[in-house]
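# Give the three-dimensional model of this entry:
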Amino acid sequence: MSESPQGDVSVALYESFTQSVRDLADTALRTNAGADELARAQAEIEAITARLAADQIPGTHGEHCSTPTGVSGWGNTVVGIRNAAAMPLRFSVAGDGMRLWADFTPGALYEGPPGHMHGGVIAMLLDQALGELSMRSGHPGLTANLSIDYKAPTKLNTPLRIEAWYDRTEGVKTWTRGHITTADGTVCAEATGLFILPRWVRDLPPEEVAKAHQHD
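Numbers count the residues shown, from 1 in each chain. As a prediction, the model looks like this:
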């Protein structure tokens with residue numbers, strides 16, 4: 001993968017294509033189609049999979065697509081524009097990177113308790129938001145600890161907001177905080193994260209540190 005989209009494939013086309021795969025997964029989960037229709041659909045899906053697999057990278061996306069433009073983040077399981085498992089979240093940032101948020105509506109693919117969001121998915125989203133905030137605030141690091149309090153059941157198919165904000169930094173350690181709320185402000189879950197700058201990054205020149213933590 002080059003730093004810019006390959007050939008005539010635009011970022012918008014990648015996003016559109018991946019969204020169609022997300023829609024397929026959601027539809028496959030909820031369809032009531034009969035056996036014959038499912039068999040036909042399976043054959044068509046397997047044929048498409050074989051066509052796309054004829055030209056693909058080995059391993060993971062980030063391993064082969066890490067560039068200063070942030071293309072490596074396209075495979076991220078929370079925000080990746082080429083990862084059909086991603087929501088994906090789209091963050092807005094304010095206060096010189098000291099606060100960020102994203103609005104989203106989780107669907108059937110993220111179910112835990114019937115009709116409600118899986119607690120593990122909630123943790124994953126909060127981890128991404130708090131880690132993203134750590135990076136954007138100028139204090140990047142990897143997750144060392146994530147503490148979550150689940151305050152209320154988080155319903156699916158309802159508008160939600162995830163927010164994160166900077167708390168403090170002590171040396172190579174940075175703490176950020178965040179929560180997920182409903183449209184009326186009810187807190188569904190809140191979290192505190194500790195992020196530590198890895199040893200292999202600490203000795204790099206400042207410009208290389210920035211490059212190592214470049215995101216979309």
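# Pro159 and Gly119, how far apart?
20 Å (CB to CB, to the nearest Å). (Glycine included, C-beta is placed from N, CA and C.)
# Which stretches in the chain count as strands?
For the chain, the strands defined by DSSP state E cover 92-94, 99-104, 142-150, 160-170, 173-182, 187-196.
# will you turn the ones you listed into CSV that also has mean neighbour count?
Below are the strands of the chain laid out as CSV (neighbours: other CB atoms under 10 Å):
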stretch, mean neighbour count
strand 92-94, 12
strand 99-104, 18
strand 142-150, 13
strand 160-170, 18
strand 173-182, 21
strand 187-196, 20
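# Grab the nearest non-local neighbour of the residue most central in space within the chain.
Nearest residue to the geometric centre of the chain (CA atoms, centre = their mean): Val78, 1.3 Å. Distance criterion CB to CB, 6 or more residues apart in numbering; nearest residue to Val78, sequence neighbours excluded, is Gln128 at 4.0 Å.
# Kindly state the pLDDT recorded for the one you found?
With respect to pLDDT, Gln128 has a value of 97.
# from what I can see it touches Gly80, true?
No. If you go by CB atoms under 8 Å, Gln128 and Gly80 don't touch, sitting 10.3 Å apart.
# Of the two, which one has the most company?
Gln128 (24 against 21; other CB atoms under 10 Å).
# My understanding was that Ala123 contacts Leu146; is that so?
Yes. Under the criterion of CB under 8 Å, Ala123 makes contact with Leu146 at 6.7 Å.
# Walk me through the domains of this structure.
The record's domain split for the chain, according to automatic domain parsing, is 1-88, 90-212.
# Point out the most buried one among these.
domain 90-212 (a mean of 17; mean count of other CB atoms under 10 Å).
# is the nearest residue to Asp149 once chain neighbours are set aside in a bridge, and if so with what?
In space, and not counting its chain neighbours, Asp149 is closest to Glu190: 5.3 Å by CB to CB, 6+ apart. Listed beta-bridge partners, Glu190: Asp149, His179 (assigned using DSSP bridges).
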